[in-house]
Every structure is written in structure tokens, then in C-alpha cells.
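In: generate coordinates for the sequence data below:
(chains A, B, C and D)
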Amino acid sequence: MSRIGVFVCHCGENISRTVDVERVAAQVGKMPGVAFATDYKYMCSDPGQTLLKKTIQEQKLSHVVVAACSPRMHEKTFRKAVEAAGLNPYLCEMANIREHCSWVHEDKQEATAKAIEIVGMLVERVKKNRVLPTITVPVTKRSLVIGGGIAGIQAALDIADAGHEVVLVERDPSIGGHMAQLSETFPTLDCSQCIMTPKMVDVANHPNITLYSYSEIEQVDGYIGNFQVTIRRKARSVDEDKCTGCGVCMEKCPVKKIPNKFDCNLGMRPAIYVPFPQAVPNTPVIDRDNCIKFKTGKCGLCQKVCGPGAVDYEQEDTLIVEPVGAIVVATGFDLYTIDEKPKGSMIKGYGEFGHGKIPDVIDGMTFERLASASGPTGGKILRPSDGKEPKQIVFIQCIGSRAREKGISYCSKVCCMYTAKHTMLYHHKVHDGQAYVFFMDARTPGKAYDEFWRRSIEEEEAVYIRGMVSRLYQKGNKIVVMGSDIAVGVQVEIEADMVVLATAIQPRTGADSLAQKLGISYDKYNFYSEAHAKLRPVECATAGIYLAGACQGPKDIPDTVSQASAAAAKVMTLFAKDKLEREPIVARVKEAGCVGCFACKKVCAYGAVEEKEIRDRQGNLIKVVAYVNPGVCGGCGTCQATCPSKSVELDGYTDEQIVAMIEAL
Amino acid sequence: MIISQSTMDVDFVRKVEALSGTSVRRCFQCGKCSAGCPMATFMEHPPNRVVRLLQLGQWQRILAGRSIWYCASCETCSTRCPNKVHLASIMDALRKLSWDAEGPSKESYVQLANKLFLQNIRTYGRQYEMRLAAVFNVKSGQFLKDLMLGPKLISKGKLKMFHSKNKNMPEIEKIFTRIEEMRKKGEAL
Amino acid sequence: MKDKLNYSYYPGCSLHASAGEYDLSTRELFKRLSIGLTEVPDWFCCGATPAHNVDELLSLSLCAKNLELAEQVEGDLAVACAACFSRLKTTQHVLAESDVKRKQVEKAIDAPLKLDGKVKHLLEILARDLGLERLAASVTKPLAGLKVACYYGCLLTRPNDVPNLDCVEAPTIMEDVLKAVGAETVAWSHRMECCGANFTLSRPGVVIQLTNAILESAKEAGADCVMVACPLCHGNLDIRQKEIEGVYNVNYGLPVFYITQLVGLACGLSSDKLGLGALIVNPMPLLKEKQLL
Amino acid sequence: MHPEKQKHDFEPKIIAFVCTWCTYAGADLAGTSRMQYPANVRVLKFPCTGRIDPVFILKAFQQGADGVLVSGCHPGDCHYIAGNFHARRRFAAFRKLLEFVGVDLERLQFSWVSAAEGGKWVEVVSDLTEKVRNMGPMTEFKELALEEQWSGTINTEELKEAYKQI
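Out: Sure, this is the predicted structure:
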């Protein structure tokens, strides 16, 4: 038989003004199972809590109901007090007779009657409450960061500076990502490499960071605090430990004319290469598809000239397993290309712009490389076709973005700003040139952003034309731009020397397959989904995995860095404890009844439901049942309402508890 | 223009949407339709503005002008619209509604040509360009239009003078009358 | 080798009048290629642009009825005129999408709707059904040295997802066919610009302006001639060419061929069988120069 | 703000199943803002509407509820990612069943009330109370429950007759 104690709070006058608290205590005191009932001025105050603790011990109470304010306010307070008195905290419930009763009703009789019923409901509920153990999971205080762009670098440095080990995995031969490609950055026009490369060097030198470049995530097992990550280190053909980065191999490589992806194919590189001079690590990689040694077996020049003997043609991919407690995903973005897309793809290209076949129609990133002092033209704006300086340059915004016909309906967020920046860079470099921009809306929210855009028009003399372009075609060595100015209501035709397209930001190709390995959710475009759009913007719904940068949605550099630091802070919060404690409101499977239909698995947004084999003593498989991993379960209870055989229960919200409340009415 | 609930004719816009099967509200006025329209220079309202006026429920301004009659139905706008607004169908719907209102537009030649074309179908089942051109010239009062082309075409066998009998004539007539009846009963727009 | 190809055939009004040579050359070419072609008995006008311009329901009904008539003849429906092709395909598309319109059309034609039959433009039949390889194999006189500007016009490929003939913005099907018969094709800017065919009767001034831009672009690209797959495009580019030359005081002299005429020529058909004499801009000097006659 | 309190002959019993993150918090906000609403509603807190088994609604009607309110987060706002979508799908199917067993669907209301919508909570509760008050008590299920109890006892003439013949 339970011995329930009920404590009715006056909350000063907040409750007692409209609820006759003494009557409530008296009435509830008569209910079966209630051993003790009293009222008190301020239950949450120190003397109130002392009263609670003392009574539990004196009256040998088995359960407690505190009738006071909203559980959102003081449930934690009272459960802690109950625990201090030696009871399991989950044997204490709160009846909300303030927000839901005394404050919203005026008639004292009515409010008192309602309060009695509310407390009665909770009394019936608490009888069915079970002792719930606090769930603890150990934490491996090492973190994995996937992606070595500015987001990954920032997150890795922050976590490493806090004293935790970081494993940074980058797919390309060097870290740096897109930011290393940029020329100057808005809205301050400081040189991207000047602010980026020191951070890259910091990563290389940080004692707490292990960098795996030219590597990819192969497999992820485990859960928050306890992930096992398998990393594929792709064969670099150069031993990172031996290589000194002298660069002789690159000088001697007979293959020289391979378009360099880092320079948007404008510059050339050898078959053994580092993507750019400031690469981290400064260790070359052999592009096996283009290397004569790998294609024909001959050559081998780089190995001969390598003093330290770092070149290794026999190198193979290796797999390493790293235990980590948290994962930051920072895989960044790809740019939309206007080329013809494969049939059936959600994304379409731009046939009306020549499907990328007009040489002087380039994208924004290519313009960045042209404008970059360390780029293929040494910072001169020159046409790819004939190397001449374009005197009429047309920028077109919203290419791919905000175009549901082309497969994307979102705004890519950064294009308005970088196009404004491009017009400025162009004006700085080609004084007698004229820049035109076709745009629909200028979206420039951000500190000093709109001022920056206005400057491009008012001081740098870019001509902005509100209207889109229907078609581009080559006419002689000019590109005819057929646009419109909707403010005037006329068609506008410009014979341009160069056209720069502000192409949309898309998640990296393959973002979905990485998400599947990590067990995180993603939207229809393959952007990773945060746990809550407003309140948990850096966490994934999958516990222990955090997001940083454009892999979650289009972002500029300041936003990316902020989110990366936020993700790092979340990791540090997790690592601040040796063991993870969590509310034991998790689902539990009653294996006897489970038929293994896994309807629960389908509705579980957290991927907490696993398949568990039940075997007899001889080891014969009897059946496969669901198992809810308590470390991963979010505690929503959708599985329970879905289970056709009622074989899964959410602790703290069992059918018994709820039905008891309904029946109390 | 004064904009209020009473000056914005939403019912008309709904009719256009029903006939064209496309949303008017979806247009965000990027102007790509106007940029590529081969006829935009002939229109007093370029295509994007036609949609804009519809968004504001100002259909009278559209029908009074000749923009809709100068649409060539080349479908360039529909094809390139980033927002899947099927503007060519909207133009069809507007012409239909203007046609029903017996052409408040100033543009009469295109309407006359269309009318004769449809009459030809009803009477002969097929088009006979010679007849069409001749009647058009007479009715539009341009007796000498394309006069120079005529003899050359006849000599090349390009203008048939006589038509052959079509067995399906009664069937065609029935299609016309059934549609007329459906409209009378309000079963179709 | 596949079985013999057989099609029902919807020539459309123009092919029985101003574009007789398109009809003639189509029939002769198909005969030469051993492709069966049976005209749909008592087909009638699809309504073309004027019908859908002012009365979509009428346009859909006329096309739906013709599609039903086409069911009498075995085989996919072959269409020569780009406008008819566009209307018939659009009808299939619209009626498949809209329940309301389908019901209205069913009532108007008082017959079951036949929407699953395949409607194919001649180009598709040559390039895909017959195939470029087999087409090339039938060539007896390759059109070597003939530089052709392929003109698609508006209705062959547009709008998205309706004709599905080729890429809406950057089609290559005409060039593919011509390359298969040995001709050269030029890259030019106006191959998909509108000629304004809708206004041939009512606003010839508009047509002259638009067509001039097309001819100018073809000439600039170095084409010897233009090829079309639509009688309306042909009407403007060929019949009005002299007039345009007069208005703009230029000299294009660009013969305008139908696709079936050029392919037929390559397959060894005579000038008479291709109706080359019916072309207004005389193609004979060009063909003689290139030794194709 | 405080209209003259009306006396009614019938005070319906309304049971509200709400999620803790949105609607429960919204109801709390109504309290902290001192808004007034009828005292007929009893709130049952769930972690998420996804946890709400349709059986609870039946149970509530059986236990004498005259109206039931189910309220959670707005679409896309679910604290648990998608629990409210599962709930919505489940209840869409459940409405048909309820109709079949004879519950007037007017007595059952689904709504979305966010943590910021104290006013909406008041509105929803007041409207439902008023509506159900006008509909009168929900008797169908109570009678059913009584019939169930009786069926085991021999107290009708027919049954007595039947037993005699055994």
C-alpha cells in the first residue's frame, strides 16, 4: 500500500486567493492511499523543502505530490528535495494548480473544486509511478570533425584549445575548403587567404589535433559519448611522415597540364601536386588517373628525385578506427553548375545559357580565382577564351537559387553579397570597365551588409538591373545577354565580354550517403537537419552529432564561424562530464510481447530502435525483437502509441499512469 | 490606381487560374518571361506586368490593351519561368475571357483571324489558307495585303482552291454544339 | 533487324495545302525507307494556335477526337507539322493532369478518351525508331559540303515535360539526323527563336521583323540553307523571304528545306518526288553547286 | 475583462491531451498572463502528441468526458522532430473510427497551440467548452458502459426466460 504525501502550496496568495488550499488538503487527505496531506505558504522556499524532506522521513512516505505551480517551473526543485530525503525522484509529481487553475479562474468554489480534481488525478498517477534509475553513459572525450573548411577548422581549433583531442578528417589533399579559394571577403574586403592560412597552420601545429587529409568516413558505429568511427585514408602515394614538402617532385613531373580543380580548372598542375602553395599538409598527392607511372608503368621520376624517399607507388588505402564521444559535421557545399544534368535528376541545368559551353560564361567561384592575387592570372580579370580584359561584364544572380523549375526553391543567401563584392573587385581592377548586375531582390541582412551593397552601386558604379535574363548566346566574341528591366518594363540587351553567374549553393555531392552512415536526417536537397530550427540549431536529432556551416544550409563566413564555435561549445558541454546523465524518460521494450514488426523503428526519429535477437540456451534464434537504446532515445513516446501489441512503454508516461489519470476524473 | 478589396477582382483571377491550371500568386516578378518574349516590344504591358496586374486583380487594364493578342504562343516564357508559372496558358485563359466579353481590346485583326480560323473548322473541317486569307483581307478591309504573294503561291500549287468533303463533319459540328451547351448550362467555363 | 515500322499518319491542314511538298516528300521518304504510313481517314483540323488561343476546351476536344480517330489505324501516330504535334501532345498532357478538363472533353466528344497512344514527330521516327545507324545506311548520296542551319522554332521542344522530343533548350535531334545523312550543321543563335507564325495572317509586319532576325543569324553563321520541320516556320522563312529581303534591303538567298526533303535527297530521291520545285526560294543553284542533284 | 459570471445548467467535462513543449507551455503562459477561461478543462500532459494513443480518447469519453481536446506543436515545430506528424496521421485515421462507433466528431477537437500562444489556448478551450455545452452531455458511451455492466446479470424477462429453458 502506498503512503502518499500531498503538499498544497499557497504560493503566497497566488494560489490561496482563489483556491481554498486547506479544503484541498483536507479533501485529498481522504483519498485512498494518501497518508498525509498539508498546505504550506511557500513550498519551494527553504523551509518548505525542509518540511517536505522531514515529512517524507517521519511519515515514511512512498510517493509525493506537490500541488503548486507548473512542473515546468519547479519539478526539478521538488524531485531533488525528494531525492535528498531518500526517495527516488521520479516518485514525486507536481499538480499544477497555479497556471492552470488559480490564475485563470476567479470563482473560488469552482477553482477549489478543479484544484481538488487536478490533485486527485496526480495522486492516482503517482501511485503507478515506478522507481526510475538515472541513466548514465560514459563519455569518450575525443571529438571527430568531418570537413576541413573554415567550419571544420574553427570547430576543431575551439575543441582542441579546450584541451580535448580532435580527429579532423578532410576529403581533399589539403584543408582550407572553399574559403581558401576566395579572393577577398565581404563586407570588409579583407583577403581571404590572409585570414584563413594562419588558421590552417594552427590546425597543423596543434598538439591536440590529428589531421587525416585525403581521407573519408567509411563507417560510424555507436552512440553519443561512444562512437567508433572507421576512416578510410586514401592512398596518397607519398609518405606524409617522410615528405619534407620541398616540391622537387612537382617540378620534375613531366605531366604538367592537368586542369587544377582548386583554380576552377583555369590553372594547370602536375600529376604529383599540392592543390595550392599554402596547402596543409604540404604533402603532395599523386593523381593516379593522370600519372604516367600508374598509367604505363614507366616514368617514376618523382621517386628518383625525392631525397627523403617519400614517394611510394605501392601505397594502398588504409582503414583506421577512432573512438570518439562527439562528432561535428562540417562538410560544406558545392556550387550548382549549369551543365546538362542527368535525366531524372531533381536538379536541371541551364540550356538557355548554353549548358556551360560558352567559355566566357563563368561562375562566381571562377571569378574569385581570377580576382585572387594567388590565382592563375595573378589577380587580373581576364577572359578564359582569349585572355583579354573584359570591358563589359554582366553578373546574373539567382542562378539555380529560387528556381523551383531548376530543382531548387531556396535562396542561397550569399550571392547578393558576393556579387556586390565582385562588382567592386572588378571596378578596382578594370577601371574603364562597366559592371551590370541582373537581380530580382537584393537580400542583404547582416551587419554592414546593405551599406556594402549600396556602395557597389553608389561609389563603385555598378549598374543594377531589376530583372532576369532569359538567354545567353555567343555572337562573334561577345555574349549577348537578353534580359529585362521590369522597373522600366523593357527588354534589355547587353553585348558582354564576360558573364558571371551567381550559382546556387548545394550540399556536397554524397552528403546523403554520409548522413546515412551517421544516422542523421537531411532534407530533400540533402542539407542536414538540425534538431530544432530555433532552439537547437547546431545539434542533430541524433544525440552527440553537431552541425557547422553550409552542410546545414547556405551560410556566409561569419555565420559559419559562429555555428562552428557553437558546435564546439556543445561538444565541450558534453565533455565537461565524465558520465552522461539523462532523464530516464525513455522507451523500454517488453520483449515477451514484442512480435518484431518494427513499426516502432519506422516512426522513431532518433534511430534509437535496434533489432535484438533472442536465443535459447542452445543458441537457437527464437525471435527478433525491438530494443530501444536508452542513450539515443529522445523520449517522445511515438513508438508506444504506434506499437500494435503494446509492447513498448515510455517510462514516466506508461499507459497505466495515463489511464489512472483519466479514470480519476 | 486605387487598391482595395473592391477594386481587386479576385473572382476573375480565380477563373484565370482554373482555365490555365497555373497559379498567378506564384510569380515573384523576376521578369525572365519578358526578357525572352519575342513579342514583348509590341506589347504595352510586357508579360511579367500582365501577371502582376492579375496579382492585383486589375484585369480590365489587361483586356483593354493588346498585349494578350500579341502573344505568339511560343511557350518561351512557360519553359524558362523559374517558378513554373505557365504564362502561355494564362495568356490563353485571358484571351478566352476577353473573347467571351466580345473583345474589349483594341486589337481586332488577330481576333478576326482567330474567328475566321475557327469558323473554317466548323464549316470545312480543315483549313484552306487561300479562303482564310481572302476572307480575312475582305473583312479587315486590306484588299491589297499580301497581294504579291498570291499568284506565286498558286503557281507553286501552294494555295488549294477547292476543298474535299470530310466524312466527320457532323461529328465536328456536334463537338461545337456540345461545348456551347455545356457553357450554357454552366458546366464549363 | 526490327520488324517493319508502321505508323498512322496525321498530315495536318497545311500539308494538304501550302506545304504539299512536305507531305509529298514525307510519303516518298518513308516509302524509300520502307516505313509504313497510313493516313488517318477523315482527320480534321487540330485547331492549331487560334483554337487554344481563345478556347482551350475546343482545342482539347478537337485534338482528343483526332486522337480517337487515329486509333482506327495501327501504329503510333506520326505527325509532320510541329504545331499539330505540339497540340496533340499538349492535349495528352493536359488531360492526363486535370480531371476537370478530362471530364469536360469526354462530354464534348462523347467518346472514350484515348490518351495512351504514342504521338511522334517525324524527327523522332527517323532519329530514334528507325535509328541514326539505319538511316545512315540508307544514304546513297551523302549531303557532303552542305552547311545547314537547323531551325527548331518554338513548338517542337517547348514547353518543359510536354513534347519531350529532346532537351527543351539545347536540342540536337535535327543536327543528329543531318549528320547521319552526311550534311554539315552550323552553330547559330536563333535556331529556337519564334518566327511569329501565329500572326502570318493578321500582323505580317511582326512576322517580317522576327523572321528577318532568324534569317540574318543563319546567314551570319555561314549556313547555305535552312532546314525546318514545320510548315508554319517554312511559310515564314521561305514564302516571305523575298519580301523580307525587300523590306530590309538585304540578300539572303537561303533555300529553306523540309527535313524530309534533305533526308530524301541523301537517300537518292529525285527532285520531283521531293517537291523541290514548290519551294519559293529556288534551291536548284545551291544543290547544283554542291553537286547534289 | 471580467464579464458577469453566467450560471449554466450543464457544465461539460473537457479533457485536454497536450504535449509538454508547446501547448502545456502555452497554457502556462495563459496563466502567467492571467487570462480567464472556463474551469471545465482538465489537462493531461504528454511528452509529445506522438505519445497519445487514440485509445485514451475513447477512454476519456467512456469516463464521462463530454469533449476532448488534443493539442500539440505546430507542424514543423515538434520538439521530437516529427512526433506531431505521426500523431496527425494517426488521428486522421482515428476520426473515421470514432464516427463509426457513434461519437459526434464535434466533441473532439485537434489544434496546434504553441508555447507563445496563451491567447489561442484560451480561445480554443473557451470555444470547445461553449460548443460542447450547447451539445449537452455525451451520453452514448456512458449508456454503453452501463449496458456492458448489465449484460452479465439475469434481470431482464427475456434472459430469465432463456435461462429457464437451459
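In: neighbours around residue A:487, how many?
Out: Residue A:487: 10 surrounding residues under other C-beta atoms under 10 Å in any protein chain shown. Bear in mind the C-beta positions are built from the backbone N, C-alpha and C, glycine included.
In: per-residue confidence at the closest residue to it other than its chain neighbours?
Out: Excluding the flanking residues, the one nearest residue A:487 by C-beta to C-beta, 6 or more residues apart in numbering or on different chains is residue A:466, at 5.3 Å. In this model, residue A:466 is scored at 97, pLDDT.
In: would you quantify the distance from the nearest residue to residue A:64 once chain neighbours are set aside to residue A:275?
Out: The shortest distance from residue A:64 to any non-neighbouring residue, by C-beta to C-beta, 6+ apart, is to residue A:92 (4.3 Å). Separation of residue A:92 from residue A:275 (C-beta to C-beta, to the nearest Å): 61 Å.
In: neighbour count for those two, which is higher?
Out: Between residue A:92 and residue A:275, counted using other C-beta under 10 Å, the more crowded position is residue A:92 (26 against 19).
In: quick one: that one and chain D, what's the gap?
Out: In this view, residue A:92 and chain D are 15 Å apart by C-beta to the nearest C-beta, to the nearest Å.
In: quick check: buried residues in the helix or strand where residue A:168 lies?
Out: Applying DSSP states H and E as the criterion places residue A:168 in strand A:165-169. Neighbour-count burial for strand A:165-169 flags A:165, A:166, A:167, A:168, A:169 (criterion: 16 or more other C-beta atoms under 10 Å in any protein chain shown).
In: ok, now stretch B:169-183?
Out: B:171, B:172, B:175, B:176, B:178, B:179, B:182.
In: the second one: what secondary structure?
Out: It refers to residue B:172. helix (DSSP: H, G, I helix; E, B strand; the rest coil).
In: hang on, it packs against residue B:125?
Out: Yes - counting by C-beta atoms under 8 Å, residue B:125 is a contact partner of residue B:172 at 5.6 Å.
In: between the two, which contacts overlap?
Out: Common neighbours of residue B:172 and residue B:125 (criterion: C-beta atoms under 8 Å, 6 or more residues apart in numbering or on different chains): B:166, C:44.
In: how close does residue C:146 sit to chain D?
Out: The gap separating residue C:146 from chain D is 61 Å, by C-beta to the nearest C-beta.
In: check which element follows the helix or strand hosting residue B:99 along the chain.
Out: According to DSSP H and E, residue B:99 maps onto helix B:87-100. Using DSSP H and E, the next helix or strand after helix B:87-100 towards the C-terminus is helix B:109-124.
In: what packs against that following helix?
Out: helix B:129-140, helix B:169-184, helix C:48-54 (3 or more C-beta pairs under 8 Å, 6 or more residues apart in numbering or on different chains; DSSP states H and E).
In: which stretch in those is the model least sure about?
Out: Among these, helix B:129-140 carries the lowest mean pLDDT (a mean of 80).
In: quick check: angle from that one to helix B:109-124?
Out: Between helix B:129-140 and helix B:109-124, the angle comes out at 130 degrees (axes from the mean of the first three to the mean of the last three C-alpha atoms, to 10 degrees).
In: C-alpha coordinates for helix B:129-140, PDB please?
Out: Taking only C-alpha atoms (Å, rounded to 0.1, in the frame of the first residue of the first chain), the coordinates of helix B:129-140 have been written out as PDB:
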ATOM      1  CA  GLU B 129      -5.400  29.000 -96.400                       C
ATOM      2  CA  MET B 130      -6.500  30.700 -99.600                       C
ATOM      3  CA  ARG B 131     -10.000  31.100 -98.400                       C
ATOM      4  CA  LEU B 132      -8.900  32.200 -95.000                       C
ATOM      5  CA  ALA B 133      -6.600  34.800 -96.400                       C
ATOM      6  CA  ALA B 134      -9.100  36.100 -98.900                       C
ATOM      7  CA  VAL B 135     -11.900  36.400 -96.400                       C
ATOM      8  CA  PHE B 136      -9.600  38.000 -93.900                       C
ATOM      9  CA  ASN B 137      -8.500  40.600 -96.400                       C
ATOM     10  CA  VAL B 138     -12.100  41.400 -97.300                       C
ATOM     11  CA  LYS B 139     -13.300  41.600 -93.700                       C
ATOM     12  CA  SER B 140     -10.300  43.600 -92.500                       C
END
